[in-house]
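In: Let's see this in three dimensions:
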Amino acid sequence: MIDLSTSYLGLKLKNPLVASPSPISEHVDSVRRLEEAGVAAVVMHSLFEEQVIHESLELDHFLDYGTYSFSEALTYLPDTGRYSLSADRYIEHLNKVKQAVGIPVIGSLNGVSSGGWVKYAKKIEEAGADALELNIYYLPFDVNLASGDLEKNYIRLVSDVRAQVGIPLAVKVSPFFTGMAHVMKQLVAAGAQGLALFNRFYQPDFDLEKLDVVPNLVLSSSNELRMPLRWIALLYGQVDADFAVTTGVHSADDVLKAMMAGASVAMMASALLKNGPKHAAQVLADIRSWMEKNEYESIRQMKGSMSARTTREPHALRRSNYIKVLNSFKYLP
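Out: Alright, predicted model coming up:
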């Protein structure tokens, strides 16, 4: 009997396939379909800091505008602070999803600052989320912002959220750190129990006809698996956290590679958006087939088997692999 079970953030999961944040989780029925297809857990679409702040300021503006004209309104309007209509809808939706399915539901916050942002982490916990993922996304364009200061902001955010919530906490980060291993270790020391590698930094495009900057979403491919695969293989056993691969997971092979690198779960979004929730069932069937053929009895048996800690050639994950890649291509004029 093949055992696909694993654990992530202290949650016991029936298999390592997790749905990562995407528009799919915006619909309760779609999350039910993910569960029916075999997905072990779902990370909700993110509540964005900018959206919360924008709507809060907009609401405050209109409420304040009324008080200037009608002073008696001050006695009827509550102190809204940073109240957000969007945040309330998100919390309500998360609660509905949690009530509709039996698999773990992980909330997601996308932001970079502390302060009022911590409040929404607490609300997500109160809505019934089994865990929380902090999706820290910030483009450091300020030439006066030192990398060390940026890293301190990240660590402070994780520490502040950890102090306010009791549910497990994961951090989803980008690959653009100079001292990647050290930052990962600091995030765990600040209270993160899981690390999701990596956040995809979507790049805008230029419209040459309208001369405008436009969004251009490009879904991932399996080729993007290589970067998180390499870093998890390097960090497995060195950083005391559960790892999640969250870029480039499309097939059973991708999930199996993630497990061998040392990941606890493989998170999928683009493949589900392309093929629908039913794709998860096929991936899980292919995983079982491969494990039977290659005489693996459990996910635990393979976990970390290709990491730097256990592989016979750990140097292949470091600089020597770079040299081999460059020498592998032969150009014939």
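
In: Which stretches in the chain count as helices?
Out: Per DSSP state H, the chain carries helices over the ranges 28-37, 49-69, 85-100, 117-126, 147-164, 180-189, 226-235, 252-261, 270-275, 278-293, 299-302, 319-328.

In: what sits against the residue lying closest to residue 6 once chain neighbours are set aside?
Out: Spatially, and ignoring its direct neighbours in sequence, residue 6 is nearest to residue 16 (4.6 Å; CB to CB, 6 or more residues apart in numbering). For every residue, glycine as well, the C-beta is placed using N, CA and C. Contact partners of residue 16, counting by CB atoms under 8 Å, 6 or more residues apart in numbering, are 4, 6, 8, 40, 255, 258-259, 263-266, 299.

In: for the helices of the chain, which one sits closest to residue 220?
Out: helix 270-275 (4.4 Å; CB to CB).

In: For stretch 196-208, list the C-alpha coordinates in CSV.
Out: Only the C-alpha atoms of stretch 196-208 are listed here, as CSV (Å, rounded to 0.1, in the frame of the first residue of the first chain):
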residue,chain,number,x,y,z
ALA,A,196,7.6,28.5,0.6
LEU,A,197,10.1,28.9,-2.2
PHE,A,198,9.6,31.1,-4.3
ASN,A,199,7.4,34.0,-4.9
ARG,A,200,7.2,34.8,-8.6
PHE,A,201,7.9,38.5,-9.3
TYR,A,202,5.5,39.3,-12.2
GLN,A,203,7.1,41.8,-14.6
PRO,A,204,5.1,44.5,-16.4
ASP,A,205,5.2,44.9,-20.1
PHE,A,206,5.2,48.0,-22.4
ASP,A,207,2.3,48.6,-24.8
LEU,A,208,4.0,50.2,-27.9
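
In: Need the contact partners of that stretch.
Out: Contacts for stretch 196-208 (CB under 8 Å, 6+ apart): 20, 133, 135-137, 139, 170-176, 212-218, 220, 224, 227-228, 231-232, 243-247, 267.

In: so where is the stretch 51-200 of the chain shaky, pLDDT-wise?
Out: 51-85, 112-117 (pLDDT under 70).

In: out of the contacts of residue 16, which are buried?
Out: Buried by 16 or more other CB atoms under 10 Å: 4, 6, 8, 40, 255, 258-259, 263-266, 299, out of those.

In: Just give the number of residues close to residue 130.
Out: Neighbour count for residue 130, taken as other CB atoms under 10 Å: 18.

In: swap that for residue 206, sorry
Out: Applying other CB under 10 Å, I find that residue 206 has 11 neighbouring residues.

In: Against residue 219, how distant is the residue lying closest to residue 233 once chain neighbours are set aside?
Out: Nearest residue to residue 233, sequence neighbours excluded (CB to CB, 6+ apart): residue 261, at 4.2 Å. Residue 261 sits 22 Å away from residue 219, going by CB to CB, to the nearest Å.

In: So between the two, which is more surrounded?
Out: residue 261 (29 against 13).

In: contacting residues for that one?
Out: So residue 261 contacts 229-230, 232-233, 236, 243, 245, 304, 306-307 (CB under 8 Å, 6+ apart).

In: Sweet, I'm off.
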